[in-house]
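>>> need a 3D model of the sequence below.
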Amino acid sequence: VLQDVTERELRRRERASRLEALFNQSPDMINVHDAEGRVLEANPRFFEKTGHEEEDLQGMKVWDLDRSISREEALELWAGMEPGDRRRLEGTYRRKDGSAFPVEVDIRRLRLEGKGQFMAISRDITDRKVAGRKLQRERDRLETLFESLPSPIVRCRAEGGRATVEKANPAFAETFPVGQEEAESQDLNDLLVPAGQKDAAAEIDRRAVEEGPVEHQVRRVAAGGEVRDFQLQVAGRQPEEGPPEIYAIYTDITDRKRRERRLQRAEALFQNAQDALFIVDVESGEASDGGASGSRDGAARERGEAPGEGGLSFSVRRLNPAFEEKTGLESEDLRGQDPKEVFGAEVGAEIEEKYRECIRRGEPMEYGEEVPIGGETTYWTTRIAPVAAGGETQMIIGTARNVTEDRRREETLREAKEEAERAKEEAEE
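Alright, predicted model coming up:
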């Protein structure tokens, strides 16, 4: 029996020694107080963080230390705790120098017979609070951005193959035929994606969650029933709790797509036209100070010149295949050259004067011209038109029809007619 008692006492002392070591070496602040709020003892970490000394504990109450809790609130809290119960709360500890710092406090009622004592384990959460405020500011900024962006944005919960709408911004409701509240808790793909394309939409969602942001061009029915083109950007996010989130941003690119289609049609026409087509760039050789109209043409008017006069230069941009075939000239060889470099100084100067006249008129014009090509004189009927942007002529686009054979036939007929008339006069004599 004596041996058993001795062993139990040794084990008790070992436990007490371990507990004392934990108490003294804990990285957290620990203090013990009674049911009246008197702080009875504290560990070294407590004194280090608060700046207090052991003698300061005399007469110190919990509400003297933690300024976030009143005497009445503390007594009510402790009265509702049984031995072994735990409570976790946040507080604000006051240092000896009067400064304060936020803490997270874990309160435990100790199992002591006849004694109402509590142990408070506290840790400094200043860094957490700073990070939390920073995170909250970022969330507020993102929320403001979410609400104010002109592009439709929607946040969805990705779960079970569905993209369930959690929130949509005002622009979403303005763009699509569904209200913000109406969209919530609905599958985004059911709301917007046409029949037959839902599997592809679900695949975009999956990739955004598993692989990273995805961009895709889509067509969706917009408010009013019009089908419009959108650049869809989908990004996935895994929150700390719950299923993945999906953010979808719709940028309306309908006008851009229409311009692209028009350019594609124009390019097809340019490449396949039977007529010889050419494009010439118009550039100003002098800096404009804005002039009367804030443009180089306005500056020309201030100098008493017609719009398009003075300082203008012309260079070949493109020739279509029909032009190359009919002239033997190559677009790549002529790109960037001016008419004088292509056709010689005299003919080139005449061509440039026609271009200037077209710019002065501000409308299409047609004329005949003689152009030396391949060592011989050829005859052309040319029609040109100015292309303006921002009030200034940027390009001249033209079509040229080779009428050399027609001119030669006309010349032959004229000579034959003159010969016949001379023969007739000689016969009458």
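
>>> pull up the pairing partners for the strand ranked longest in the chain, direction included.
In the chain, with assignment by DSSP state E, the single longest strand is strand 376-389. Taking DSSP bridges as the criterion, strand 376-389 forms sheet pairs with strand 365-373 (antiparallel), strand 392-402 (antiparallel).

>>> how about the next helix or strand after the longest one: buried residues?
Next helix or strand after strand 392-402 toward the C-terminus (DSSP states H and E): helix 404-428. Using 16 or more other Cβ atoms under 10 Å as the burial criterion, the residues of helix 404-428 that qualify are 404, 407. All C-beta atoms are positioned from the backbone trio N, CA, C, and that covers glycine.

>>> who does helix 404-428 touch, helix- and strand-wise?
strand 376-389 (3 or more Cβ pairs under 8 Å, 6 or more residues apart in numbering; DSSP states H and E).

>>> mind saving the C-alpha coords of the strand it packs on as CSV?
Output of strand 376-389 as CSV, limited to C-alpha atoms (Å, rounded to 0.1, in the frame of the first residue of the first chain):
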residue,chain,number,x,y,z
GLU,A,376,4.9,51.5,-123.1
THR,A,377,2.1,54.1,-122.6
THR,A,378,-1.2,52.7,-121.3
TYR,A,379,-4.5,54.4,-120.9
TRP,A,380,-6.7,54.1,-117.9
THR,A,381,-10.1,55.4,-116.6
THR,A,382,-9.6,55.9,-112.9
ARG,A,383,-12.1,56.6,-110.1
ILE,A,384,-10.9,57.7,-106.7
ALA,A,385,-12.6,58.5,-103.4
PRO,A,386,-11.3,60.1,-100.2
VAL,A,387,-11.6,58.1,-96.9
ALA,A,388,-11.8,60.4,-93.9
ALA,A,389,-11.5,59.8,-90.1
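
>>> show me the shaky parts of the stretch 101-250 of the chain.
Within the stretch 101-250 of the chain, the stretches with pLDDT under 70 are 112-114.

>>> touching the helix or strand harbouring residue 206 from outside, list them.
Assessed by DSSP H and E, residue 206 sits inside helix 198-210. Applying Cβ atoms under 8 Å, 6 or more residues apart in numbering, the contact partners of helix 198-210 are 156, 158, 161, 163, 189-190, 193, 214, 216, 232, 234-236, 238, 244, 246.

>>> just give the nearest non-adjacent residue to residue 238, would you?
residue 244 (5.2 Å; Cβ to Cβ, 6 or more residues apart in numbering).

>>> what does residue 164 give?
Counting by Cβ to Cβ, 6+ apart, residue 164 lies nearest to residue 157, which is 4.6 Å off, once chain neighbours are set aside.

>>> got the contact list for the one you found?
163-164, 166, 242-246.

>>> so what's it bridging to?
With DSSP bridges as the rule, residue 157 is bridged to residue 164, residue 245.

>>> what's stretch 214-234 in contact with?
The contact list for stretch 214-234 (Cβ under 8 Å, 6+ apart) reads 174-177, 192-194, 204-205, 207-208, 213, 235, 246-254, 256-257.

>>> how about stretch 160-174?
Here stretch 160-174 makes contact (Cβ under 8 Å, 6+ apart) with 146-157, 178-180, 183-189, 191, 201-202, 205, 223, 245-246, 248, 250.

>>> tally of neighbours for residue 224?
Using other Cβ atoms under 10 Å, residue 224 is surrounded by 7 other residues.

>>> quick check: phi and psi on it?
phi 90, psi 0 (degrees, to the nearest 10).

>>> does residue 23 touch residue 30 like I think?
Yes: counting by Cβ atoms under 8 Å, residue 23 touches residue 30, with 6.0 Å between them.

>>> in terms of neighbours, single out the busier of those two.
More neighbours surround residue 30 than the other of residue 23 and residue 30, with 19 against 16 (other Cβ under 10 Å).

>>> what residues of the helix or strand encompassing residue 324 count as buried?
Assigned by DSSP H and E, residue 324 belongs to helix 321-327. Buried residues in helix 321-327, counted by 16+ other Cβ under 10 Å: 322-324, 326-327.

>>> same deal with stretch 183-191?
For stretch 183-191, the neighbour count (16+ other Cβ under 10 Å) marks 183, 186-189, 191 as buried.

>>> one step back: what mean pLDDT does the helix holding residue 324 have?
Helix 321-327 shows a mean pLDDT of 92.

>>> dump the helix holding residue 206 to PDB, restricted to CA.
Below are the C-alpha coordinates for helix 198-210, written out as PDB (Å, rounded to 0.1, in the frame of the first residue of the first chain):
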ATOM      1  CA  LYS A 198     -25.100  23.600 -72.200                       C
ATOM      2  CA  ASP A 199     -22.600  20.800 -72.200                       C
ATOM      3  CA  ALA A 200     -20.000  23.200 -73.700                       C
ATOM      4  CA  ALA A 201     -20.900  25.800 -71.000                       C
ATOM      5  CA  ALA A 202     -20.500  23.300 -68.200                       C
ATOM      6  CA  GLU A 203     -17.100  22.400 -69.600                       C
ATOM      7  CA  ILE A 204     -16.100  26.000 -69.500                       C
ATOM      8  CA  ASP A 205     -17.100  26.100 -65.800                       C
ATOM      9  CA  ARG A 206     -15.200  22.900 -65.000                       C
ATOM     10  CA  ARG A 207     -12.000  24.200 -66.600                       C
ATOM     11  CA  ALA A 208     -12.300  27.500 -64.800                       C
ATOM     12  CA  VAL A 209     -12.500  25.700 -61.500                       C
ATOM     13  CA  GLU A 210      -9.900  23.000 -62.200                       C
END
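
>>> now the contacts of helix 198-210: which count as buried?
156, 158, 163, 189, 193, 214, 232, 234, 236, 244, 246.

>>> measure residue 90 to residue 275 for me?
Note on residue 90: its distance to residue 275, by Cβ to Cβ, to the nearest Å, is 82 Å.

>>> mutual contacts of residue 23 and residue 30, please.
In contact with both residue 23 and residue 30: residue 43, using Cβ under 8 Å, 6+ apart.

>>> one step back: give me the subset of the contacts of stretch 214-234 lying in strands.
Of the contacts of stretch 214-234, the ones assigned to strands by DSSP E are 235, 246-252.
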